[in-house]
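In: fold the following for me, if possible:
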Amino acid sequence: MAPKGGKRGGGPAGRRRAHVKVKTAKGRKISSTRWLQRQLNDPYVEEAERLGYRSRAAFKLIELDDRFALIKPGARVLDLGCAPGGWCQVALERGGEDCQVVGVDIQPVDPIAGVALIQGDIMEDAVPDRITAALGGPADVVLSDMAASATGHKTTDHLRTMALAEAAYDIAARVLAPGGCFAAKVLLGGTEKDLLDLLKRDFEKVAHAKPPASRKGSAEMYVVATGFRGGEERD
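Out: Numbers count the residues shown, from 1 in each chain. From the prediction side, this is the model:
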């Protein structure tokens, strides 16, 4: 089912709805009950279902794109950690008929019309070459919503997610066209200095953003870099 949204501006965050309370069922953990209640009372979940997006995370990209104008008509977009495919759907909508989208994930992703999907681990040597071949040319935008599975230990979770952000930028630096954009998930505390220094060297502007669709209790945020210099200031 193709999404019906995609217009810039607006969002479900301010909409009021009846609160749903979920009772703990036999055999269900309290944490599972809390998760289910949160889902049922989340306007982004409801709106994603209504518009045909595969996940509420689609609104995070919509809000980032509204703010930073990442995806231009006809853009070539690479989405790393794309499962279940919501960001790919948004990229297609925003990029229009001539947009080319390549999605990569270690997990299988159900086909999306107009998207080239690659199943593989970006840490594996062969995957970057598969990405380059699928793009067929320089990317205008590289996106990463990748995050490591939470361990409950803040320092470990931060370091593991930062490692994925760094791996995403390793690929972005190889495939981005001059003037291109990069956006990647990081955790509260911001981007590690080494990666931030690279981004500030390689891009005209670098910012951190927490889109409204990010849950209030979540430590996630995004580093957004625009105006890729195309290696002109590299050593």
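In: same for the lengthiest helix in the chain, what does it pack against?
Out: The single longest helix within the chain, with elements called by DSSP state H, is helix 154-175. Identification of packing neighbours for helix 154-175 by 3 or more C-beta pairs under 8 Å, 6 or more residues apart in numbering; DSSP states H and E yields strand 76-80, helix 126-135, strand 139-144, strand 176-187, helix 193-202. The way it works is simple: take the backbone N, C-alpha and C, and place the C-beta from them, glycine included.
In: quick one: strands adjacent to the next helix or strand after the last one?
Out: The element immediately downstream of helix 193-202 (helix or strand, assigned by DSSP states H and E) is strand 203-209. Here strand 203-209 has these sheet partners by DSSP bridges: strand 220-228 (antiparallel).
In: tell me the buried residues in the partner strand?
Out: If you call a residue buried by 16 or more other C-beta atoms under 10 Å, then strand 220-228 has these buried ones: 220, 221, 222, 223, 224, 225, 226, 228.
In: pick out whichever of these sits closest to residue 161.
Out: Residue 161 lies nearest to residue 220 out of those, by C-beta to C-beta, at 8.2 Å.
In: list the beta-bridge partners for the closest one.
Out: residue 187.
In: tell me the confidence at it?
Out: You'll see residue 220 listed with a pLDDT of 88.
In: surely it touches residue 147?
Out: Yes - taking C-beta atoms under 8 Å as the definition, residue 220 is a contact partner of residue 147 at 6.9 Å.
In: what is in contact with the two at once?
Out: 185, 187 (C-beta atoms under 8 Å, 6 or more residues apart in numbering).
In: in a markdown table, list the buried residues of strand 220-228 along with distance to residue 120.
Out: As requested, the buried residues of strand 220-228 are exported to a markdown table (distance: C-beta to C-beta, whole Å):
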| residue | distance to residue 120 |
| --- | --- |
| 220 | 24 |
| 221 | 27 |
| 222 | 23 |
| 223 | 24 |
| 224 | 25 |
| 225 | 24 |
| 226 | 28 |
| 228 | 24 |
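In: which two among the residues you listed are spaced furthest apart?
Out: 220 and 228 (23.5 Å).
In: now residue 72: closest residue in space, sequence neighbours ignored.
Out: For residue 72, the nearest residue in space outside its immediate sequence neighbours is residue 140; the separation is 6.6 Å by C-beta to C-beta, 6 or more residues apart in numbering.
In: wait, what's in contact with the nearest residue to residue 81 once chain neighbours are set aside?
Out: In space, and not counting its chain neighbours, residue 81 is closest to residue 146: 3.3 Å by C-beta to C-beta, 6+ apart. Residue 146 makes contacts with 80, 81, 161, 164, 165, 168, 184, 185, as judged by C-beta under 8 Å, 6+ apart.
In: out of these, what pair is the most spread apart?
Out: Going by C-beta to C-beta, the pair spanning the contacts of residue 146 furthest: 80 and 161, at 12.9 Å.
In: residues contacting residue 204?
Out: Per C-beta under 8 Å, 6+ apart, neighbours of residue 204: 226, 227, 229.
In: swap that for residue 229, please
Out: 178, 201, 202, 203, 204.
In: list the contacts of the spatially most central residue of the chain.
Out: Geometric centre of the chain, nearest residue: residue 145, 3.2 Å, by C-alpha atoms, centre = their mean. Applying C-beta under 8 Å, 6+ apart to residue 145 gives the contacts 57, 60, 61, 79, 80, 81, 82, 87, 184, 185.
In: filter those to the buried ones?
Out: Neighbour-count burial (16+ other C-beta under 10 Å) is assigned, among the contacts of residue 145, to 57, 60, 61, 79, 80, 81, 82, 87, 184, 185.
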